[in-house]
Structure formats: structure tokens, C-alpha cells
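Participant: got a sequence here, can you model it:
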Amino acid sequence: MNYCEKIHYRIRSAHPAEFPQMVDDLLSQLSAGETILRLSFFGTPSSNKEYASHRALLQARVRRLFGDREPALSYVSQPPLNVPLVMEVHSYTPEADDRIAFKHYRQIPYVLLENRLGRFLFAGAFQGDVFTPGIERQSIDSFLLLEGLLRQEGFPWDSVVRQWNYIERITAFDGSDQHYQMFNNVRSEFYGKAEWTNGFPAATGIGASFGGVLIDVDAAMFTSPDAFATPIDNKLQVAAHAYSERVLESVRQKRATPKFERAKSMTFQDRRLIYISGTAAIRGEESLKGVGLERQLRVTMENIAELIGDARLKALRVYLKNESDYPEAERLMNIYALDIPIAYMWADVCRDELLIEIEGIAIR
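Facilitator: Reported below is the predicted structural model:
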């Protein structure tokens, strides 16, 4: 089978209950014998103290269930809009030439897949102490952890093909310094250690209620001419890493653009998997302002269609700035009749005027 046929993305939801019972409910929905690469939980802690407690419980439950086959694991403080707790599952159906190793770096679980096409890394939970004040410090700590794991496995920075960045109160300011801009400055410093000749990763930079700065990544090093990564531009938008000074928030005279591509594909022979970055109602480099949720959602979906061409969507996350917009957003998304897993999250989008952001996976 082709890699695109062996990789799977699913979303599971818990019924309302106490947090430990919801976790057990979600984990019980995993199929026996399934090779899990990544579990991402999305919940609603009331504070960083409760966030840390929930995270510790998740780690213990997953470790107990999987033993020496522990997948990458993240807990994101983003309230799901239709259920109390969501689990996103990335799994794989290995064949004889696939070698899968479950490993740890400083107690962070990650998965390494190797086959004749290359080496593939699935990792997450790069996160400093959530009680350490300051997004800049937390960003540095998260990137240092990620850098250490990449170095341990021999993956250069420019092997990262997909990055998820969850930033506490992303549009808030510490004095004159905006959280997202501080994160972008730190990201640029670490990314500056590579040349990125084949484009930056696909990425999402999205708000979280708690948890400081949390980073998840997929990385790939290809060893066959039949497999390669390709950055994807949207002709309707300016590339994020080419934004002008005009759209960047001032941070002590130091302004770094967001270093990501609108999408990035991995080609495996005649098939292609597309990582769709967090996508919003932006044309050129300007947000559509004052047009309401319906127009922003439709433009966002037009942008996604431009990125994926004839590929088929497999899973989406929909981030909404306003909790009250959920019923309308779900109604509008249902019009597309996608018949795929869709998770709806209440989260701050990186610009104040943007009401919705959508990311996902497509396969051709």
C-alpha cells in the first residue's frame, strides 16, 4: 500500500462526565492492535493548575494503556464547541518494510517510522513550564526541546513538514509585546539555523486558553526519488513569510514574519498527502474585515480549495473566535457535505478581525 493509504486521521468525542472518565471513554474507542502515531486531546481546563493536572492524568493513562508503544501525546487547552473533550487520532497501517520505533526524549514520547521511502517523525508536547511567566521564555523553552529531539534523531530543522503551535492568549500583549509576534520572533531565530531551500513547514499558530506555548510536529527525511515534499502557495494570498511590515505587530523594533507555507504536500509515487495550514479569510495579505462569519467562512474554504486542487479532504479542525458562532459555522460547513471528521474549537485566531480559521488534511 501507498503511504497515503496507510496513514489515517480520526476524531473521537467524549460524553459529559468527570475528566478521568472522559479520558477512559475516549481511549476505549481505540481499536485493538491499531498502530497509533499521535493522540491530541482538546479540553477545557479552568486554570494552568488544572491544565497541568489534566495533562499528568492523560500521560499516566496513555502510558498505562500503551506500555512500550506510547504514541506522541498532547493536551491542548481549547474548548471543543459541541462536546466536553475531543481526541484526534493519527494512526498507521504498517507493512513488512515499515519499521516503527516508540521512543522518548526527556520523557516526551515520540514515534519514528522508517521504510524504503524515508524516515518520518511524529512528535509533540514540546512545552516548557506552564507556570513560567512570559510567552517569549516559554517559546524558547519549547523550541529548545524540539531542537534537542531533532538533533537526537538526526533530523535537520528543514525536515519539519508540519508544525502546530498553540499559544496562550495569542493576541494578548505583555506591555507593548504581542504574544504571537514574540512567538514568531523566537521561531525565526531557531529556523535561521537552516536554509529552508524547499519552503517552510505547513503550520498553524492558534490561541489556547492555558498551557503556555505547545508545539507538535511531523518531520520527514526522504531517501527515494519517489518521495518528496513540496511547498504550496495560494495565488489569492501573499505567502505568510513574505508579509510586509505593515501587517506585523511591533515588538521592540524587532518584527519577524510567520515562517510557514500555506500548505505543504508529501508525494509518494503517484499519491500525495497535503498538510493544510491554518487558513483564514485573507486575500493578498489583508483580512476581510466587517463581513461577518458566513463570508469569512466561504472565503476560507475557497482558499483551501485553491490549495488542494483535486485532492480530497480527509479531516478538518475549525477554530472559532466567538463561541456563539458555532451553530452558524456548523450549518455552513454542512452545506459542503464533506462527510469527514470535523472538530470545532473555541480559540483565539491570530488577528483580532478574523472570526474563523480552518486547517486540515487532504489526500490525492
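
Participant: what about R298, how many neighbours?
Facilitator: Residues near R298, counting by other CB atoms under 10 Å, number 16. In short, each C-beta sits where N, CA and C put it, glycine included.

Participant: apologies, that question was intended for H104.
Facilitator: Neighbour tally, H104, other CB under 10 Å: 11.

Participant: list the contacts of it.
Facilitator: By CB atoms under 8 Å, 6 or more residues apart in numbering, the contact set of H104 is E70, Y110.

Participant: parallel or antiparallel, list what pairs with the strand or helix carrying it.
Facilitator: Assessed by DSSP states H and E, H104 sits inside strand 99-105. The pairing partners recorded for strand 99-105 under DSSP bridges are strand 108-115 (antiparallel).

Participant: pretty sure P156 contacts L150?
Facilitator: Yes - counting by CB atoms under 8 Å, P156 does reach L150; the two are 7.1 Å apart.

Participant: closest to the centroid, which residue in this structure?
Facilitator: Taking CA atoms, centre = their mean as the criterion, W164 is the residue nearest the geometric centre of the chain, at 2.9 Å.

Participant: just say helix, strand or coil for that one.
Facilitator: Three-state call for W164 (DSSP: H, G, I helix; E, B strand; the rest coil): strand.

Participant: relative to R106, how far out is it?
Facilitator: Using CB to CB, to the nearest Å, W164 is found at 19 Å from R106.

Participant: what's near enough to touch the residue nearest to the centre of the chain?
Facilitator: By CB under 8 Å, 6+ apart, the contact list for W164 reads G124, A203, T204, I206, I215, D216, V217.

Participant: burial of the second one, as a residue count?
Facilitator: Using other CB under 10 Å, the number of residues around A203 comes to 26.

Participant: repeat for the fourth one
Facilitator: I206 has 23 neighbours, counted by other CB under 10 Å.

Participant: tell me the pLDDT of it.
Facilitator: I206 is assigned 97 on the pLDDT scale.

Participant: A helix includes it, no?
Facilitator: No - going by three-state DSSP, the assignment for I206 is strand, not a helix.

Participant: mind listing the residues bridging to it?
Facilitator: Y166.

Participant: now swap in L113 and tell me
Facilitator: In beta-bridge terms (that is, DSSP bridges), L113 pairs with I100, F120.

Participant: on the three-state scheme, the residue in the chain sticking out farthest from the centre is what?
Facilitator: The centre of the chain is farthest from one residue, A96, which by CA atoms, centre = their mean lies 29.4 Å away. Per three-state DSSP, the secondary structure class of A96 is coil.

Participant: now it: how far from R116?
Facilitator: 11 Å.

Participant: mind putting the contacts of W164 in TSV, secondary structure included?
Facilitator: Putting the contacts of W164 into TSV (three-state DSSP) gives the following:
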residue	secondary structure
G124	strand
A203	strand
T204	strand
I206	strand
I215	strand
D216	strand
V217	strand
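
Participant: all helices for the chain, in order.
Facilitator: In the chain, the helices defined using DSSP state H lie at 3-6, 19-28, 48-66, 135-153, 179-191, 292-308, 326-335.

Participant: so which of these is nearest I358?
Facilitator: I358 sits nearest to helix 292-308 of all those, at 5.3 Å, using CB to CB.

Participant: and the closest one, what does it pack against?
Facilitator: When contacts are defined as 3 or more CB pairs under 8 Å, 6 or more residues apart in numbering; DSSP states H and E, helix 292-308 sits against strand 271-279, helix 326-335, strand 356-363.

Participant: what's around the residue nearest to N303 when sequence neighbours are not counted, how many residues?
Facilitator: Of all residues not flanking N303 in the chain, T279 sits nearest, at 5.1 Å (CB to CB, 6 or more residues apart in numbering). Neighbour count for T279, taken as other CB under 10 Å: 25.

Participant: partners of T279 in the sheet?
Facilitator: What pairs with T279, by the bridge criterion (DSSP bridges), is I358.

Participant: against L73, how distant is it?
Facilitator: From T279 over to L73 the distance is 26 Å, taken as CB to CB.

Participant: what residues does stretch 348-355 touch?
Facilitator: Against stretch 348-355 from outside (CB under 8 Å, 6+ apart): 169-171, 180, 205-207, 258, 278, 280-282, 287, 289-290, 292-293, 296, 319-322, 325, 356-357.
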